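1. missing the sequence, but the structure's below:
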C-alpha cells in the first residue's frame, strides 16, 4: 500500500502552515493510520473547530448557529491500546487508555472561551462524563471551571455528555459554543451536523499554534464516486474557515453568501439537498452568484 501521506507532503504543509484537505477513507481495524490523526500529531493541531448553521430552510430546525470545539490530541484517540491474553488466547481482550493532561484540557478550554469572546458568542458549554470517569473527565471538568473564572463576560455551564446529546436534539438553541474531549467531540459534531441537514454541510478547522488544517467532516463516499453528484458545500465552507484564518474574511464572506443565495433560492441543489443538480451544476450556480 502506498503511503497516503508522504514526507514531501508533510514538508510542504510545514513550509506553508496551512492545509486544505479533501476526504480520505481510513481502513477500519487494519491498514494505514488516519491521515487526519497524523497531521494533528505532526503539527499539534489541538483545537478542532466545527461550526454548524442552518442552510436548508425546510430543515429540521430554524436558525441553528452552533460551534463545537473538540480537543484534538488527547483522550481515547491517542491510540494507547493493546490486547490482553487469557486462557491461551492472545486476543481474548483489548484495552484502551484515555489520556487527559491538565495542560491539554486547559489549552482547549481557554481556546473555546477566547473563540467565544472573539466571535461575540455569549455562552460556553463543557460536556463531559465526570460522573463516571472521575479522574480523566474529572480533570477536564476541573480545568474548564478554572479557565471559566478568567472569562466573567461569558456564560458557562457543564453538562453530562449523554444529556447534552439529548438536549441538542430537543432544543439546540439553548447552546452556543460547546467544548469537550476528543471522542465525545467526534460523535457530537456529527449529531450537530444532522441538525442542519447532514455532513454535507459540515466544515472543520484543526488549529495549532504554528499550522492549521481545514477539511470537510464527511468521508470520501465511495458509493457515489464518479457519478458527479457529490455535495461540495462542506469542503467549500472549510475553505471559508481557512480564508478567515489567514485574514481573508471578505473573500470567505462572499463565498458563504453565494452558498446561502444558491441554496435558499433553490437555484441548484444536489441530490442530498433534495434536488437534481450535479456537482458541476451546483458549482456553476455558485460561480454565477459570485460574479
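-> Arrived safely, thanks for sending. No experiment lies behind these values; they were computed from the predicted model shown. Numbering: from 1, shown residues only.

2. going forward, measure contacts between C-alpha atoms and count neighbours the same way
-> Noted.

3. show me where the stretch 151-291 of the chain has helices.
-> 161-170, 182-195, 233-245, 249-264, 279-290 (DSSP state H, counting those that start in this stretch).

4. show me what the shortest one is packed against.
-> The one in question is helix 161-170. Packing partners of helix 161-170 (3 or more CA pairs under 8 Å, 6 or more residues apart in numbering; DSSP states H and E): strand 123-128, helix 182-195.

5. can I get the ones you listed in TSV with distance to residue 71 and mean neighbour count?
-> Shown next, in TSV, are these (distance: least, CA to CA, whole Å; neighbours: other CA atoms under 10 Å):
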stretch	distance to residue 71	mean neighbour count
strand 123-128	11	24
helix 182-195	5	20
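
6. hey, what's residue 49 bridged with?
-> With DSSP bridges as the criterion, residue 49 is bridged to residue 69, residue 205.

7. ok, now how distant is it from residue 273?
-> 24 Å (CA to CA, to the nearest Å).

8. quick one: the strands in this structure?
-> 18-21, 47-53, 65-71, 81-86, 89-96, 123-128, 155-160, 177-180, 203-207, 212-216 (DSSP state E).

9. switch those strands over to CSV; also include distance to residue 168 and mean pLDDT.
-> Listed next are these as CSV, based on distance: least, CA to CA, whole Å; pLDDT from 0 to 100:
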stretch, distance to residue 168, mean pLDDT
strand 18-21, 28, 92
strand 47-53, 12, 97
strand 65-71, 10, 98
strand 81-86, 31, 95
strand 89-96, 28, 96
strand 123-128, 12, 98
strand 155-160, 11, 98
strand 177-180, 11, 98
strand 203-207, 19, 96
strand 212-216, 22, 94
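
10. buried deepest among those strands, which one?
-> strand 177-180 (a mean of 27; mean count of other CA atoms under 10 Å).

11. helices or strands next to that one in the packing?
-> For strand 177-180, the packing partners by 3+ CA pairs under 8 Å, 6+ apart come out as strand 65-71, helix 102-118, strand 123-128.

12. the longest one: how far from the chain's middle?
-> Here helix 102-118 is found 16 Å from its chain centre; the criterion is CA atoms, centre = their mean, to the nearest Å.

13. quick one on the thing from earlier: buried deepest among the helices of the stretch 151-291 of the chain, which one?
-> Per residue and on average, the most neighbours among the helices of the stretch 151-291 of the chain fall to helix 233-245, with a mean of 22 (mean count of other CA under 10 Å).

14. against which helices or strands is it packed?
-> strand 18-21, strand 203-207, strand 212-216, helix 249-264.

15. quick one on the thing from earlier: mind putting the helices of the stretch 151-291 of the chain in JSON lines, mean pLDDT and distance to residue 45 included?
-> Shown next, in JSON lines, are the helices of the stretch 151-291 of the chain (pLDDT from 0 to 100; distance: least, CA to CA, whole Å):
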{"stretch": "helix 161-170", "mean pLDDT": "98", "distance to residue 45": "23"}
{"stretch": "helix 182-195", "mean pLDDT": "96", "distance to residue 45": "12"}
{"stretch": "helix 233-245", "mean pLDDT": "96", "distance to residue 45": "14"}
{"stretch": "helix 249-264", "mean pLDDT": "95", "distance to residue 45": "21"}
{"stretch": "helix 279-290", "mean pLDDT": "95", "distance to residue 45": "30"}
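
16. quick one: closest of those to residue 91.
-> Residue 91 sits nearest to helix 182-195 of all these, at 24.0 Å, using CA to CA.

17. excluding its backbone neighbours, what's nearest residue 235?
-> Leaving aside its chain neighbours, residue 235 sits nearest to residue 216 (4.6 Å; criterion: CA to CA, 6 or more residues apart in numbering).

18. who's in contact with that neighbour?
-> Neighbour list for residue 216: 21, 22, 23, 200, 202, 203, 204, 234, 235, 237, 238 [criterion: CA atoms under 8 Å, 6 or more residues apart in numbering].
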